[in-house]
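> pasted the sequence and its predicted model underneath.
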Amino acid sequence: MKVNEKRGNPVEISAVVVWRVQDTAQTVFDVDDYENYVKVQAEAAIRHEATQFAYDEGDDMALGQTTLRSGDAAASAQKAELQARFVNAGVSVEEAKLSHLAYAPEIAQVMQMDDERKAAMVSNLLVVLCSDKETQPIINTGTLFG
């Protein structure tokens, strides 16, 4: 799924969650459909985790602060949150780890631009944002860069 991390950057994130029914009676009587309950709660926990941590370390962070890429620290936080969400359904979490983590394509594409292309993109965005007239689409049939 695509979510915004702590700094607001869109990231693609998915996780593998291994779980089992711990209390059969609680699972049957406290939730209507425990498999759907687990799926919904797992998705909510992953979304919440993404908003609590930055994708990677940056200048605005203290040294050693947990990030989504921190591996074991992020996995421990994820497992604890999942367990707290699953307890009402009589389900326990055996293991939880991120299986995919990447900047969303629109962010990754910008990160691979050279300085000249970044400057052109910023210039174009400023024209759109500061213009007193409606913008007109222009289709480039060639290349601006040789």
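Okay, I see it.
> would you map the helices across this structure?
Here the chain has its helices, by DSSP state H, at 24-30, 34-52, 72-86, 105-111, 115-130.
> closest one to K6 among those helices?
helix 34-52 (6.2 Å; Cβ to Cβ). No exception for glycine: its C-beta is placed from N, CA and C like everyone else's.
> now do the closest one and helix 72-86, the angle between them.
If you take axes from the mean of the first three to the mean of the last three Cα atoms, to 10 degrees, helix 34-52 sits at 140 degrees to helix 72-86.
> pLDDT averaged over helix 34-52 - what is it?
Averaging pLDDT along helix 34-52 yields 92.
> what's the local residue count around Q65?
Q65 has 13 neighbours, counted by other Cβ atoms under 10 Å.
> report the contact partners of it.
If a contact means Cβ atoms under 8 Å, 6 or more residues apart in numbering, then Q65 has A54, E57 as its contacts.
> quick check: it vs D30, distance?
37 Å (Cβ to Cβ, to the nearest Å).
> surely T51 touches V3?
Yes: counting by Cβ atoms under 8 Å, T51 does reach V3; the two are 6.9 Å apart.
> next, count neighbours for Q112.
Q112 has 7 nearby residues by other Cβ under 10 Å.
> what do you get for the one 5 residues further on?
The number of residues packed near R117 is 13, by other Cβ under 10 Å.
> let me know the pLDDT of it.
pLDDT, read off for R117, is 75.
> try D30
90.
> picking that back up, how about the helices of the chain in TSV, adding distance to S99?
Formatted as TSV, the helices of the chain follow (distance: least, Cβ to Cβ, whole Å):
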stretch	distance to S99
helix 24-30	25
helix 34-52	10
helix 72-86	11
helix 105-111	18
helix 115-130	31
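> minimum distance to E95: which of these has it?
helix 72-86 (7.3 Å).
> which parts of that closest one are buried?
Neighbour counts over helix 72-86 (16 or more other Cβ atoms under 10 Å) mark A74, A75, A77, Q78, K79, E81, L82, R85, F86 as buried.
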